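Student: structure of the sequence below:
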Amino acid sequence: MIEHKWYQGHKILEVRPKGKFAAEDFHQLASQVDPVIREQGRIEGLLIDAQDFAGWENFVAMITHFRFVHEHQKHIQKIAVVSDNPLLSFMPRLVCHFISAEVRPFAVNEYSQALEWLDNPG
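Tutor: Down below sits the predicted model:
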């Protein structure tokens with residue numbers, strides 16, 4: 001399951017995984033995100049609260065996740081990843097080669113700084 005919450009009139013989206021990802025999670029998230037992208041052209045910021053990231057249910061879920069990222073990343077200006085997991089804090093350096101958004105890691109205790117960074121233009 002992926003919980004989500006919008007900030008500032010659909011300018012910033014927060015997503016929070018709960019348990020292992022299922023393929024259906026990304027179909028449901030797309031039904032919430034796609035209309036906003038069609039209306040606004042893009043999402044200024046995405047906050048990924050990855051404190052409870054537990055992986056994927058199966059290979060299909062993982063592939064669906066990668067497709068979702070591939071299809072939506074070009075519509076997102078900045079991505080903040082909030083986690084104390086060392087692997088996830090390294091992720092921005094890895095994914096910057098594959099996506100157009102600016103990606104930055106934040107520790108769990110820097111949650112408010114992550115939102116502030118997403119809210120600032122540039």
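Student: stretch 108-122: which residues count as buried?
Tutor: When burial is assessed from 16 or more other C-beta atoms under 10 Å, stretch 108-122 yields the following buried residues: Y111, A114, L115, W117, L118. In short, each C-beta sits where N, CA and C put it, glycine included.
Student: helix or strand next in line after the helix or strand bottoming out on mean pLDDT in the chain, which one?
Tutor: Within the chain, no helix or strand scores below helix 86-95, which has a mean of 64 by mean pLDDT, DSSP states H and E. Counting by DSSP states H and E, the next helix or strand C-terminal to helix 86-95 is strand 102-106.
Student: elements contacting that next one?
Tutor: strand 76-82, helix 86-95, helix 111-119 (3 or more C-beta pairs under 8 Å, 6 or more residues apart in numbering; DSSP states H and E).
Student: list the strands paired with that strand, with their directions.
Tutor: Strand pairing for strand 102-106, determined by DSSP bridges: strand 76-82 (parallel).
Student: C-alpha coordinates for the partner strand, PDB please?
Tutor: What follows is strand 76-82 as a C-alpha-only set of coordinates in PDB (Å, rounded to 0.1, in the frame of the first residue of the first chain):
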ATOM      1  CA  ILE A  76       8.500  15.900 -11.400                       C
ATOM      2  CA  GLN A  77      11.000  18.700 -10.700                       C
ATOM      3  CA  LYS A  78      12.500  17.700  -7.300                       C
ATOM      4  CA  ILE A  79      12.400  14.500  -5.200                       C
ATOM      5  CA  ALA A  80      13.300  14.300  -1.500                       C
ATOM      6  CA  VAL A  81      13.900  10.800  -0.100                       C
ATOM      7  CA  VAL A  82      13.400  10.700   3.700                       C
END
